[in-house]
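> Have a look; sequence and predicted model below, questions after that.
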Amino acid sequence: MRGKRSKQYRKLMEQYCMTFGFREDYQVLVDAEMVEDACRFKMDLTAGLERTVHGKVKPMITQCEIRKLYEKKNEPGIRDAIELAKNYERRRCGHHPDQYPKPLSTLECLSSVVDPKQTGQNKHRYVVASQSQEVRRALRGVRAVPLIYIKRSVMILEPMADDSAEVRLREEKAKFRAELKKRTPSAKRKREEGSDEEEEGGGGGAKLGNAEDKKKKKFGVGKAPNPLSVKKSKKNPQQIEEEKRRKQKEEAKAAAEKPKKKRRRRAKGNGDGERDEATAESGTGDAGGDAGDE
């Protein structure tokens with residue numbers, strides 16, 4: 001499950017980078033409660049954030065949030081949280097102690113930093129790490145705000161909000177249409193090219209050319225079916241028997257016409273061969289003598 005979640009987080013941060021222009025080092029706004037929980041669970045907050053967003057991070061904390069930690073300095077375990085928060089970059093929220101003797105709530109402070117003009121956009125591309133459900137619920141209405149929280153000592157990156165997902169889909173469709181326009185010429189351009197061809201080829205020749213093009217553009221005309229897709233015709237049993245008889249007749253006819261081989265006798269030994277030759281000579285001599293007598 002850990003590997004699957006890690007892949008989801010990597011893919012989600014890639015979408016934020018491609019659509020909304022996020023880049024490393026990621027600016028992560030941390031609230032006081034997040035720092036407290038990290039110390040309570042004995043977690044390395046910076047390393048956990050880097051594992052979650054799959055990149056280098058720059059942790060930040062606002063003036064109001066660190067003031068909240070100093071107010072709780074007498075509580076057990078807060079000293080470690082204060083020392084940890086001192087290492088993070090201080091983000092000026094503009095809420096000075098002279099004007100605001102009491103620090104503002106986490107929702108008001110982080111909202112003023114993420115979306116100061118209330119335009120619904122995360123202009124400076126902050127990643128917000130907050131344990132407050134109220135803060136996360138409010139910042140889901142701001143486009144392009146990755147939200148992180150800790151649950152049972154596990155750091156979780158929330159899925160992309162609906163508004164941000166709609167923006168991403170809209171931009172992807174726009175890019176896809178732009179690519180299609182580059183590849184396919186417009187109808188106006190086709191008409192202009194056709195008019196130029198008519199002017200060059202003349203009136204009658206152009207009409208004939210257009211008629212021939214229309215004929216050529218007809219699909220499936222004059223083409224034979226694919227032999228692999230055509231099923232073989234099934235033969236009747238009578239036809240099969242007739243073909244067998246015809247083959248048998250042809251084989252019998254070929255066998256009758258074929259000439260028979262003559263057998264030759266071979267001599268068993270050299271003596272028999274000489275004997276046969278002698279008898280053959282004597283026979284010829286006798287035949288000659290008989291002929292002389294006659």
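Nice, thanks for sending it over.

> For stretch 97-104, list every residue counted as buried.
Buried residues in stretch 97-104, counted by 16 or more other Cβ atoms under 10 Å: 100, 103-104. Just so you know, the C-beta spots here come from the backbone N, C-alpha and C atoms, and that holds for glycine as well.

> Report the distance from it to the chain centre.
53 Å (Cα atoms, centre = their mean, to the nearest Å).

> ok, now stretch 117-136?
33 Å.

> what residues does it touch?
20-23, 26-31, 33-34, 37, 49, 53, 57, 60, 106-107, 110, 113-115, 139, 141-150, 158, 163 (Cβ atoms under 8 Å, 6 or more residues apart in numbering).

> one more time with 7 Å, if that's ok
With Cβ atoms under 7 Å, 6 or more residues apart in numbering as the test, stretch 117-136 has contacts from 20-22, 26-31, 33-34, 37, 49, 53, 106-107, 110, 114-115, 139, 141-150, 158.

> try stretch 154-172
Taking Cβ under 7 Å, 6+ apart as the rule, stretch 154-172 contacts 9, 12, 15, 19, 48, 52, 136, 140-141, 143-144, 146-149.

> Please save the CA atoms from the host helix or strand of Arg245 in CSV.
Under the criterion of DSSP states H and E, Arg245 resides in helix 237-257. The C-alpha coordinates for helix 237-257 follow below in CSV (Å, rounded to 0.1, in the frame of the first residue of the first chain):
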residue,chain,number,x,y,z
PRO,A,237,-21.6,-35.0,-50.1
GLN,A,238,-22.6,-35.8,-53.7
GLN,A,239,-19.9,-33.4,-55.0
ILE,A,240,-17.3,-35.0,-52.7
GLU,A,241,-18.1,-38.5,-53.9
GLU,A,242,-17.9,-37.3,-57.6
GLU,A,243,-14.5,-35.7,-56.9
LYS,A,244,-13.3,-39.0,-55.4
ARG,A,245,-14.5,-41.1,-58.4
ARG,A,246,-12.9,-38.6,-60.8
LYS,A,247,-9.6,-38.8,-59.0
GLN,A,248,-9.7,-42.6,-58.9
LYS,A,249,-10.4,-42.7,-62.7
GLU,A,250,-7.5,-40.4,-63.4
GLU,A,251,-5.1,-42.4,-61.2
ALA,A,252,-6.2,-45.7,-63.0
LYS,A,253,-5.8,-44.1,-66.4
ALA,A,254,-2.3,-42.8,-65.5
ALA,A,255,-1.3,-46.2,-64.2
ALA,A,256,-2.5,-47.9,-67.5
GLU,A,257,-0.6,-45.5,-69.7
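
> can you give me the mean pLDDT across it?
In this model, helix 237-257 has an average pLDDT of 86.

> got the buried residues for that helix?
So helix 237-257, judged by 16+ other Cβ under 10 Å, has zero buried residues.

> average model confidence for the helix or strand containing Leu29?
Secondary-structure assignment from DSSP H and E places Leu29 in strand 26-30. If you average the pLDDT over strand 26-30, you get 96.

> what does it contact?
Residues contacting strand 26-30 (Cβ under 7 Å, 6+ apart): 49, 53, 55, 57-61, 88, 91, 110, 113, 124-129.

> just to revisit the earlier point, pull the distance from the helix holding Arg245 to the chain's centre.
60 Å.

> Output the contacting helices and strands for it.
Applying 3 or more Cβ pairs under 7 Å, 6 or more residues apart in numbering; DSSP states H and E, one finds that helix 237-257 contacts no other helix or strand.

> any idea how far Val127 is from Tyr26?
Separation of Val127 from Tyr26 (Cβ to Cβ, to the nearest Å): 5 Å.
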